[in-house]
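Peer 1: Give the three-dimensional model of this entry:
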Amino acid sequence: MKLKHLQSALSSVPTPQFPDPDITLEQYATSPILCSYIINAALQNGDIGYGRSVLDLGCGTGMLSIGSAIVGTSSVTLVDCDEAAIEVARNNLIAMDIINDPDDSEDGYDDDDDACVVDFLMAKLKHKSKGNNSGGNNSRGGRGRGRGSRNKGRGGGRSSGSSSRASEPIDPPSRVSPTDDGVPLASNCVDTVMTNPPFGTKPGNAGIDVTFLRTAIRLARRSVYSFHKSSTREYLLKTVASWGYQVEVVAQMKFDIPKMYKFHSKDIVDVDVDLIRVIVDSDGDVEEEQEDR
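Peer 2: A predicted model of the protein is given here:
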């Protein structure tokens, strides 16, 4: 599927934004443009599509799950701590004919053998704040209208935020269990995890983007796609490398964040973000497939 066609399909999602966003959760919806870039990148790498399973960590209104289903992914699991967000996501999947309306069918799911299998899970990540936020900017990014392309754009290479990160080491995913991180799923339970995590700009949330990323890596057996502020790039790449995984910046983008909350003083704020890909490859087939291309 061409990128423009994917963007067009995602633009038809009826409720892409949170009707009543919760600032303590840093809820900003993943826009159709933002979603299309991550879906396109994952599809090109063979990380999603037919025969693949995807977990949408912090699913919000379900945009990444819908995009994964549109391109033929076999199963999708949506995880969020907000019951209202999961309900919005469920209604969006119904509206996009990915799952059936439970009022119109026996179980709410499509009987087609090739249909995407969809599951929902309410779970809240356990997070211990890591000190002051590294972004240096109280505007939340990465979940608004986006502009960018693979390996180019206006994301920049700034790493100024990394110095304010906490200095203590963070336990790697291999040392984290479902009881440790609050997500009751086995490690390496899905092929690919996608997440657009909070950036940690609100009190008590500092470092939560790394908490999301660590759990995403624990759950994936193939790869992880995650958005982070470009200002934290150096810190994130070093952290993931210290955990023993390959990591790359897939795209660098600038996002326009609309005025959504009372504390927003500007109509639009531009935030530089990176889309990173972590190669988990616990089943040993990713590098072999790349060599065959």
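Peer 1: Every contact and neighbour count from this point should use C-alpha atoms.
Peer 2: Noted.
Peer 1: going on from the worst-scoring helix or strand of the chain on mean pLDDT, what's the next piece of helix or strand?
Peer 2: Within the chain, no helix or strand scores below strand 145-150, which has a mean of 42 by mean pLDDT, DSSP states H and E. For strand 145-150, the succeeding helix or strand toward the C-terminus, using DSSP states H and E, is helix 178-181.
Peer 1: Name the residues that touch that next one?
Peer 2: Residues outside helix 178-181 that contact it (C-alpha atoms under 8 Å, 6 or more residues apart in numbering): 125-127, 184-187, 215.
Peer 1: Quick one: the helices in the stretch 1-150 of the chain, in order.
Peer 2: 3-10, 32-44, 63-70, 83-95 (DSSP state H, counting those that start in this stretch).
Peer 1: Quick check: which of those is buried the most?
Peer 2: When neighbours are counted by mean count of other C-alpha atoms under 10 Å, the highest per-stretch mean among these falls to helix 63-70, a mean of 26.
Peer 1: Report the angle between it and helix 83-95.
Peer 2: Following axes from the mean of the first three to the mean of the last three C-alpha atoms, to 10 degrees, one obtains 20 degrees for the angle between helix 63-70 and helix 83-95.
Peer 1: residue contacts, Cys116?
Peer 2: Residues near Cys116 by C-alpha under 8 Å, 6+ apart: 69, 72-76, 98.
Peer 1: 6 Å instead?
Peer 2: By C-alpha atoms under 6 Å, 6 or more residues apart in numbering, the contact set of Cys116 is 74-75.
Peer 1: just the one 5 residues further on next, same as before
Peer 2: Applying C-alpha under 6 Å, 6+ apart, we find Leu121 in contact with Val79.
Peer 1: For it, list each beta-bridge partner.
Peer 2: In this entry, Leu121 is beta-bridged to Val79, by DSSP bridges.
Peer 1: Between the two ends of stretch 227-238, how far is it?
Peer 2: Using C-alpha to C-alpha, to the nearest Å, the end-to-end distance of stretch 227-238 comes to 16 Å.
Peer 1: Where do the strands of the stretch 101-250 of the chain begin and end?
Peer 2: 117-122, 145-150, 190-195, 220-229, 246-258 (DSSP state E, counting those that start in this stretch).
Peer 1: For the ones you listed, which has the smallest mean pLDDT value?
Peer 2: Among the strands of the stretch 101-250 of the chain, strand 145-150 has the lowest mean pLDDT, at a mean of 42.
Peer 1: can I assume Ser74 is in contact with Tyr50?
Peer 2: Yes: when contacts are counted by C-alpha atoms under 6 Å, Ser74 is listed as touching Tyr50 (5.3 Å).
Peer 1: The two: who's more crowded?
Peer 2: Between Ser74 and Tyr50, counting by other C-alpha atoms under 10 Å, Ser74 is the more crowded of the two (20 against 17).
Peer 1: State the distance from the closest residue to Leu125 other than its chain neighbours to Asp80.
Peer 2: Here the nearest residue to Leu125 in space, its sequence neighbours aside, is Gly182; by C-alpha to C-alpha, 6 or more residues apart in numbering that works out to 4.9 Å. Using C-alpha to C-alpha, Gly182 is found at 11 Å from Asp80.
Peer 1: can you check Tyr28 too?
Peer 2: Tyr28 is 13 Å from Asp80, by C-alpha to C-alpha.
Peer 1: Let me know the pLDDT of Ile33.
Peer 2: Predicted confidence (pLDDT) for Ile33: 85.
Peer 1: do you know how far it is from Met63?
Peer 2: Counting by C-alpha to C-alpha, the separation of Ile33 from Met63 is 10 Å.
Peer 1: Which one of the helices of the stretch 1-150 of the chain lies nearest to Asn205?
Peer 2: With C-alpha to C-alpha as the measure, helix 83-95 is the member of the helices of the stretch 1-150 of the chain nearest Asn205 (19.1 Å).
Peer 1: how about the closest one as PDB, C-alpha atoms only?
Peer 2: Output in PDB follows, covering the C-alpha atoms of helix 83-95 (Å, rounded to 0.1, in the frame of the first residue of the first chain):
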ATOM      1  CA  GLU A  83     -10.700   2.600  30.100                       C
ATOM      2  CA  ALA A  84     -12.200   5.500  28.200                       C
ATOM      3  CA  ALA A  85      -9.400   5.500  25.700                       C
ATOM      4  CA  ILE A  86      -9.800   1.700  25.100                       C
ATOM      5  CA  GLU A  87     -13.500   2.300  24.500                       C
ATOM      6  CA  VAL A  88     -12.800   5.000  21.900                       C
ATOM      7  CA  ALA A  89     -10.300   2.700  20.200                       C
ATOM      8  CA  ARG A  90     -12.800  -0.100  20.200                       C
ATOM      9  CA  ASN A  91     -15.400   2.100  18.600                       C
ATOM     10  CA  ASN A  92     -12.900   3.300  16.000                       C
ATOM     11  CA  LEU A  93     -12.000  -0.300  15.100                       C
ATOM     12  CA  ILE A  94     -15.700  -1.100  14.700                       C
ATOM     13  CA  ALA A  95     -16.200   2.000  12.500                       C
END
